[in-house]
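Engineer: Provided below for reference: sequence and predicted model.
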Amino acid sequence: MKKLTYRMEIKAPKERVFEKMIGRDTYKQWTAEFNPTSDFEGGWNKGDKIRFVGVTEEGKKQGMLARIEENIPNEFISIHHYGIVDGENEVTEGPMVESWTPSYENYSLSQENEITNLMVEVDVSDEYIEYFDETWPKALLKLKEISENI
């Protein structure tokens, strides 16, 4: 497991970036870079269970099972991934899960003047490094576009 870091400067207040990052409709827009049907089920408050899901071509729901470890509004979110969503089942043990859990996804926001600096740190198994290195910058560029356009 490796920790990857991605950064994006966004010309918008950090409150707006934070809102667009986790907002119901805007979350779907920027995470569509990972999966066109990307969505979440659950809440963003500390301790909340949250499911990050998409739908396969066959119509089956799949994704990641997680818990919000920390949420300091407009500054920091830490997501602890601990399982997978396979249809209506939540799988928290076995080879498919053990190869990449536990893993964390952390978002840090800071603001200097009118620029928000967003830093994302993700724990990734070796097999997904190339995919994430290609996809995260696209997703963050989309979040930048959404946040800068009022």
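Structural biologist: Looks like it arrived, so ask away.
Engineer: for the residue nearest the centre of the chain, pull up the helix or strand it's in.
Structural biologist: In the chain, the centroid-proximal residue (Cα atoms, centre = their mean) is residue 105; its distance is 6.7 Å. Under the criterion of DSSP states H and E, residue 105 resides in strand 103-112.
Engineer: with just CA atoms, put that strand into PDB.
Structural biologist: Below are the C-alpha coordinates for strand 103-112, written out as PDB (Å, rounded to 0.1, in the frame of the first residue of the first chain):
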ATOM      1  CA  SER A 103      -7.000   2.500   3.700                       C
ATOM      2  CA  TYR A 104      -7.600   6.200   4.200                       C
ATOM      3  CA  GLU A 105      -8.600   9.100   2.000                       C
ATOM      4  CA  ASN A 106      -7.900  12.500   3.500                       C
ATOM      5  CA  TYR A 107      -8.900  15.900   2.200                       C
ATOM      6  CA  SER A 108      -7.200  19.000   3.600                       C
ATOM      7  CA  LEU A 109      -8.200  22.500   2.600                       C
ATOM      8  CA  SER A 110      -6.400  25.800   3.400                       C
ATOM      9  CA  GLN A 111      -6.900  29.200   2.000                       C
ATOM     10  CA  GLU A 112      -4.500  32.000   1.100                       C
END
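Engineer: who touches that strand?
Structural biologist: For strand 103-112, contacts defined as Cβ atoms under 8 Å, 6 or more residues apart in numbering pick out 1, 13-14, 17-18, 21, 66, 69, 74-81, 116-125. Yep, even glycine has a C-beta here, placed from its N, CA and C like the rest.
Engineer: now it, how far from the chain's geometric center?
Structural biologist: Distance of strand 103-112 from the chain centroid (Cα atoms, centre = their mean, to the nearest Å) equals 11 Å.
Engineer: rewinding a little: the contacts of strand 103-112 in helices, which ones?
Structural biologist: Among the contacts of strand 103-112, the members falling in helices (DSSP state H) are 14, 17-18, 21.
Engineer: and which of those is nearest to residue 97?
Structural biologist: The nearest member of the ones in helices among the contacts of strand 103-112 to residue 97, counting by Cβ to Cβ, is residue 21 at 26.0 Å.
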